[in-house]
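Colleague: Provided below for reference: sequence and predicted model.
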Amino acid sequence: MRIDTFKVEEWMNLYCPSAKYDLTTTCIEPLTIRELMTLSGISKPLEIFDTKLTYGDIHGSNRLKTAIKSLYKNQELDNITVTHGAIGANQLVFESLLNKDDEVICFIPCYQQHYSTPKSLGANVKLMLLREENNWQPNINELEKLLTYKTKLICMNNPNNPTGAVIPDETLKRIVDIASKHNIWILCDEVYRGLNMTQNPYSESIADLYDKGISTGSMSKTYSLPGLRVGWIVGRTDLMNEVNKHREYNTISVSIVDDYYASIALENRRKIAQRNFAIIKEGFDTLNDWLRGEVYIKANLPQGGTTALLRYKKDVPSRVLCRDLQEQTGVAILPGETMDIEGTVRVGFCVNKFVLETGLKEFSKQLRKY
């Protein structure tokens, strides 16, 4: 199987380890185990120390799956399987669902896995561009024109990485109506679900809206625990049976230790949310204040998630801009070229305030050098 280079990961592997001010991150300031235990009111987690390090429950413990189930409206334990992060969840969905020459429609910009992996499996991938002038929202008429009798899957990311756009629930339902009419699956990567900045923090999940809706999620973004390599898939039982058949070849089980801490985190997610929304607000306000005074940047402010896509008004390739910025100042931001949207950069705004303020200040100085 041949696959395209994962350009975002390649860039981050090359530049992030040496960054002094890292604004490439998509996670809210990660929790330590001690902080997680304190938030949860657990002073001595003795049970984990007395747990034998077996494979554990193969598809995820009932405790963890029950906690995941509470994030959805209409799901049962049999509709859930636990994976190695959302990246493992998405991979399993593609491998279980797609055959050579199946047609996949993917909204972009988004996480490259959603179009490169189907392509590597022999699928015919059609890219539907989300446009800045439309606030990065999907154009329903354009989506309908892309559909053919071969279309098997629609892929999207909500809230969106890198733009921070949130698809309104009414639009999600219109997408479901279209997919239902043509008997098409929908995979929605919902790793930022729970981080909407207006109204309900949780958008409707595609798995609750649609019989052929598949939701993937993880502990990394909303719950500030990327070091727990825990994700999940939620979908109807016949799909989950196929997913679990594939899963047996590459997963067996997630770490019993990760399962334990993920269970605690989801059981105490409201306390984590209170902590995280304070960080999001501080970062968003810092970013917004900077944007008001930066004449060389145009941006639609994010509505959810942890990242913003910024269009800069300088005639320089994004890779050159980001390379020069890091080499000269130690500030790491992600070039838009790695997300197939040149002339932009992605900034993570849920980092330490000093790091964010310093990074944005140095970015402004760098723009004025061209």
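Modeller: Thanks, I have it. Numbering: from 1, shown residues only.

Colleague: helix, strand or coil for the residue nearest in space to the middle of the chain?
Modeller: Centroid-nearest residue in the chain: Val191, 4.2 Å away (criterion: CA atoms, centre = their mean). At Val191 the chain is in coil, as set by DSSP: H, G, I helix; E, B strand; the rest coil.

Colleague: now do the same for it: its pLDDT.
Modeller: Per-residue pLDDT puts Val191 at 98.

Colleague: check Pro45 too.
Modeller: The per-residue pLDDT reported for Pro45 equals 73.

Colleague: show me the contacts for it.
Modeller: Residues in contact with Pro45 (CB atoms under 8 Å, 6 or more residues apart in numbering) are Met37. For every residue, glycine as well, the C-beta is placed using N, CA and C.

Colleague: now it: phi and psi?
Modeller: As for Pro45, its main-chain torsions (degrees, to the nearest 10) stand at phi -80, psi 60.

Colleague: over to Leu356?
Modeller: phi -70, psi -50.

Colleague: what ranges does the chain have for its strands?
Modeller: For the chain, the strands defined by DSSP state E occupy 21-22, 80-83, 103-108, 124-129, 151-157, 185-189, 213-218, 231-234, 297-298, 307-312, 331-332, 334-335, 344-348.

Colleague: what's near enough to touch the residue nearest to the centre of the chain?
Modeller: Listed by CB under 8 Å, 6+ apart, the contact set of Val191 reads 86, 157, 161, 216-218, 220-222, 231.

Colleague: make CSV out of the strands of the chain and add distance to Thr198.
Modeller: Shown next, in CSV, are those (distance: least, CB to CB, whole Å):
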stretch, distance to Thr198
strand 21-22, 28
strand 80-83, 28
strand 103-108, 21
strand 124-129, 25
strand 151-157, 19
strand 185-189, 19
strand 213-218, 21
strand 231-234, 24
strand 297-298, 22
strand 307-312, 15
strand 331-332, 29
strand 334-335, 25
strand 344-348, 20
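
Colleague: nearest to Ile272, out of these?
Modeller: strand 213-218 (13.8 Å; CB to CB).

Colleague: so which of the strands of the chain is nearest Asn250?
Modeller: Comparing those by CB to CB, strand 80-83 comes nearest, at 9.7 Å.

Colleague: for the closest one, C-alpha coordinates in PDB please.
Modeller: C-alpha atoms of strand 80-83 as PDB (Å, rounded to 0.1, in the frame of the first residue of the first chain):
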ATOM      1  CA  ILE A  80     -18.900   1.700  20.700                       C
ATOM      2  CA  THR A  81     -15.300   0.300  20.300                       C
ATOM      3  CA  VAL A  82     -12.200   1.900  21.900                       C
ATOM      4  CA  THR A  83      -9.100   2.600  19.700                       C
END
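
Colleague: before we move on, back to that, between the contacts of Val191, which is nearest Phe94?
Modeller: For the contacts of Val191, the closest approach to Phe94 (CB to CB) belongs to Thr216, at 10.7 Å.

Colleague: for stretch 5-20, what is the average pLDDT?
Modeller: Stretch 5-20 comes out at a mean pLDDT of 92.

Colleague: follow-up on the earlier one: save the strands of the chain as JSON lines, and put in mean neighbour count and distance to Tyr15 too.
Modeller: Output for the strands of the chain, formatted as JSON lines (neighbours: other CB atoms under 10 Å; distance: least, CB to CB, whole Å):
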{"stretch": "strand 21-22", "mean neighbour count": "22", "distance to Tyr15": "9"}
{"stretch": "strand 80-83", "mean neighbour count": "26", "distance to Tyr15": "28"}
{"stretch": "strand 103-108", "mean neighbour count": "23", "distance to Tyr15": "23"}
{"stretch": "strand 124-129", "mean neighbour count": "16", "distance to Tyr15": "26"}
{"stretch": "strand 151-157", "mean neighbour count": "24", "distance to Tyr15": "23"}
{"stretch": "strand 185-189", "mean neighbour count": "26", "distance to Tyr15": "24"}
{"stretch": "strand 213-218", "mean neighbour count": "28", "distance to Tyr15": "23"}
{"stretch": "strand 231-234", "mean neighbour count": "27", "distance to Tyr15": "25"}
{"stretch": "strand 297-298", "mean neighbour count": "18", "distance to Tyr15": "21"}
{"stretch": "strand 307-312", "mean neighbour count": "22", "distance to Tyr15": "16"}
{"stretch": "strand 331-332", "mean neighbour count": "24", "distance to Tyr15": "5"}
{"stretch": "strand 334-335", "mean neighbour count": "26", "distance to Tyr15": "9"}
{"stretch": "strand 344-348", "mean neighbour count": "26", "distance to Tyr15": "13"}
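
Colleague: of the contacts of Val191, which is the nearest to Cys106?
Modeller: Asn157 (9.3 Å).

Colleague: show the contacting residues for Asn99.
Modeller: 121-123.

Colleague: please report how far it lies from Leu356.
Modeller: 45 Å (CB to CB, to the nearest Å).

Colleague: same question, Lys271
Modeller: 24 Å.

Colleague: repeat that for Cys16.
Modeller: 16 Å.

Colleague: right, and the strands of the chain - which one's nearest Glu29?
Modeller: strand 344-348 (10.4 Å).

Colleague: which helices and strands sit right next to that closest one?
Modeller: Under the contact definition 3 or more CB pairs under 8 Å, 6 or more residues apart in numbering; DSSP states H and E, strand 344-348 sits against strand 307-312, helix 318-329, strand 334-335.

Colleague: could I get the ones you listed in TSV, plus columns for mean pLDDT and distance to Arg292?
Modeller: Listed next are the helices and strands packed on strand 344-348 as TSV, based on pLDDT from 0 to 100; distance: least, CB to CB, whole Å:
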stretch	mean pLDDT	distance to Arg292
strand 307-312	97	13
helix 318-329	96	21
strand 334-335	98	23
